[in-house]
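S.K.: Next one to model:
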Amino acid sequence: MSKPSDLALSAQSEPALKALTAVRRAFPSAGETAIVAVQAPAGKQLEVAQQLRRLVRIAVDERVANMPVEPIRTVSTSDGSAAALFLPLSGNGANTSSRHAVEALRQRLIPATVGRIRGLQTAVTGPTAEDLDFTRQIRHTLPYVLAFVLALAFALLLVAFRSIIVPIKAITLNLLSVGASYGVLALVFQHHWAESLLGFKSNGTIVAWLPLFLFVVLFGLSMDYHVFILSRVREEVDRGEPTQIAVRRSIASTAGVVTAAAIVMVCVFALFGTLSSLELKQAGVGLAAAVLIDATLIRGVLLPATMKLLGDWNWYLPRTLQWLPQIDHEPARSLADLQPVIEPNA
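M.R.: Model (predicted):
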């Protein structure tokens, strides 16, 4: 996961992008920079300047940074001094080379130079460093978000349908559609499929915020379809129909609505796949693929197939959970019930 570089934001034939590529090729120092910020106690200005110059030499020798490097910017007060060093990173600012350069600065080069000064505080910032920190934060919080969403969905479905099988199956099927979306994204944007078709240059990564965004949106859409279909099935079962017949009738009655909604969403999301922004392109491809797979294979094949195979086990609830509240589903009304009633004039 990462943020897209400027090279990946537009079609490769655009003159502005060609000019940017040529400038960066001719002048490597014109690319993204890593800003090394230093705060030192009073009396350490000379030592800080010496170690920062040493840091520049080592970074250039190890091809972590490119020449030329801007002069060190310093500010001194009675309480201490602060300095900022702008290092032009190797790579284009968003590829593996640039990210490795930031990691090398933080983990090896700075501790071996300015980090040796007692009482010194250092930080590495800049667009590439921000990308690394944001991606690390997303990876750290993603499991907690997934656990919360899955637990909440399980509890709501358990109470609504008084069945332990329904929430387990719903979560499993929804995760299949989300996983299929992730697979399509990996094939298209990490393994360089359809670059010429969609008009982009892959940097081998997925936008950092996209997996979490796709999971939340797709899980909500999939759950909406699932509850819509299952509610009709439960209505038929509550009227005394066998589960197999209830599934057949419910799928037939809801197929038109689900298919129409899916077609609209797939067409809208597919339009995002034609945009120049890689972030929107990845979101559009992921959403369109997930909705298409969910409305066809998941809801049209796997859901009715599993419900037919399980039969009455679909509504199994352990004895220990019989205390759950009973929520009555509104029974389906006939056409006669929907006709207006005309009262005779008095």
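S.K.: confidence score at the residue nearest to Arg73 when sequence neighbours are not counted?
M.R.: Distances taken as Cβ to Cβ, 6 or more residues apart in numbering put Ala84 closest to Arg73, at 4.6 Å, once the chain neighbours are dropped. Yep, even glycine has a C-beta here, placed from its N, CA and C like the rest. pLDDT for Ala84: 92.
S.K.: before we move on, what about Ser277?
M.R.: Looking at Ser277, its pLDDT stands at 79.
S.K.: try Met1
M.R.: On the pLDDT scale, Met1 is placed at 60.
S.K.: again, but for Leu52
M.R.: You'll see Leu52 listed with a pLDDT of 93.
S.K.: which SS state does it fall under?
M.R.: Per DSSP: H, G, I helix; E, B strand; the rest coil, the local secondary structure of Leu52 is helix.
S.K.: one step back: which residues touch the helix or strand containing the residue nearest to Arg73?
M.R.: Element membership for Ala84 (DSSP states H and E) is strand 80-88. Strand 80-88 has contacts (Cβ atoms under 8 Å, 6 or more residues apart in numbering) with 28-42, 44-45, 48-49, 52, 55-56, 59, 64-67, 69-70, 72-76, 105.
S.K.: out of those, which are inside strands?
M.R.: Applying DSSP state E to the contacts of strand 80-88, the entries found in strands are 33-41, 73-76.
S.K.: give the contact list for Ser253.
M.R.: Residues near Ser253 by Cβ under 8 Å, 6+ apart: Arg232.
S.K.: gap between the residue nearest to Arg73 and Ile117?
M.R.: As for Ala84, its distance to Ile117 is 16 Å (criterion: Cβ to Cβ, to the nearest Å).
S.K.: and what of Gly240?
M.R.: Between Gly240 and Ile117 the computed distance is 82 Å (Cβ to Cβ).
S.K.: still on that earlier bit, if we only consider the ones in strands among the contacts of strand 80-88, which is nearest to Asp224?
M.R.: Ala34 (44.4 Å; Cβ to Cβ).
S.K.: where does the closest one land on pLDDT?
M.R.: For Ala34, the pLDDT comes out at 90.
S.K.: what bridges to it?
M.R.: For Ala34, the beta-bridge partners are Leu87 (DSSP bridges).
S.K.: can you give me the helices in the chain?
M.R.: Using DSSP state H, the helices assigned to the chain run over residues 15-26, 45-61, 96-104, 110-112, 127-161, 165-185, 195-198, 210-238, 243-272, 278-293, 303-310, 335-338.
S.K.: now for these, which one comes closest to Thr320?
M.R.: The minimum distance between Thr320 and the helices of the chain falls on helix 127-161, with 12.1 Å, by Cβ to Cβ.
S.K.: So for the closest one, mean pLDDT?
M.R.: 90.
S.K.: how far away is the nearest residue to Phe272 once chain neighbours are set aside from Gly126?
M.R.: Closest residue in space to Phe272, ignoring its immediate chain neighbours: Gly284 at 2.6 Å, by Cβ to Cβ, 6+ apart. Using Cβ to Cβ, one gets 29 Å for the distance from Gly284 to Gly126.
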